[in-house]
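*Asks:* Take a look and give me a structure for this.
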Amino acid sequence: MGLLLAGVCLAETKLGKPLGLKQPMTVGDLMSEPERYAGKTVQVKGKVTAVCQMMGCWMMITDEASAKAIRIKVEDGEIVFPKDAAGKSAIAEGKLVKIEQTKQQAIAAAKHEAEEQGRTFDPSTIRSGKTTYQIQGTGAVVLD
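*Replies:* Residues are numbered from 1 along each chain as shown. Just a heads-up that it's a prediction; the model follows:
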């Protein structure tokens, strides 16, 4: 059974555990007050803009209205996000995690991400540590 949206039935791919919250919020709403939701279970909706092409262990969901994005990350093999999901709509659920990185940790993370995406990385672009948020995913629905 698909999801009914604007009178059109969309096919859906369910991943991981069933979604438990009744209503998703936009990524823009979540990221406007991330500290408020840190450590809590959240459900977001948006457009998939990137997926891990190695293991399918993460996907980025972006709110088209605000252009804010968040990474949904899972342990390798726990959920495998479809590598062709970019451009599709998705709803994802999990615990919002606050990540504080030193400058060296931020450089290592950016280098790893660049390697995964097959692009070059210049460490001098990272000048300090940073705080980021991501969702430790437990379940998702990708709409085809």
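*Asks:* Tell me which residues touch residue 82, please.
*Replies:* When contacts are counted by Cβ atoms under 8 Å, 6 or more residues apart in numbering, residue 82 touches 13, 51, 56, 142. For every residue, glycine as well, the C-beta is placed using N, CA and C.
*Asks:* ok, those residues vs residue 68, which is closest?
*Replies:* residue 51 (18.1 Å; Cβ to Cβ).
*Asks:* one step back: can you lay out the contacts of residue 82 as JSON lines showing neighbour count and pLDDT?
*Replies:* Formatted as JSON lines, the contacts of residue 82 follow (neighbours: other Cβ atoms under 10 Å; pLDDT from 0 to 100):
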{"residue": "13", "neighbour count": "14", "pLDDT": "93"}
{"residue": "51", "neighbour count": "22", "pLDDT": "93"}
{"residue": "56", "neighbour count": "18", "pLDDT": "91"}
{"residue": "142", "neighbour count": "22", "pLDDT": "96"}
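*Asks:* Rebuild the residues you listed as JSON lines, extending it with secondary structure and distance to residue 69.
*Replies:* Formatted as JSON lines, the entries for the contacts of residue 82 read as follows, by DSSP: H, G, I helix; E, B strand; the rest coil; distance: Cβ to Cβ, whole Å:
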{"residue": "13", "secondary structure": "strand", "distance to residue 69": "20"}
{"residue": "51", "secondary structure": "strand", "distance to residue 69": "13"}
{"residue": "56", "secondary structure": "coil", "distance to residue 69": "18"}
{"residue": "142", "secondary structure": "strand", "distance to residue 69": "16"}
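*Asks:* Which of these sits closest to residue 118?
*Replies:* When those are ranked by distance to residue 118 (Cβ to Cβ), residue 51 comes first, at 13.8 Å.
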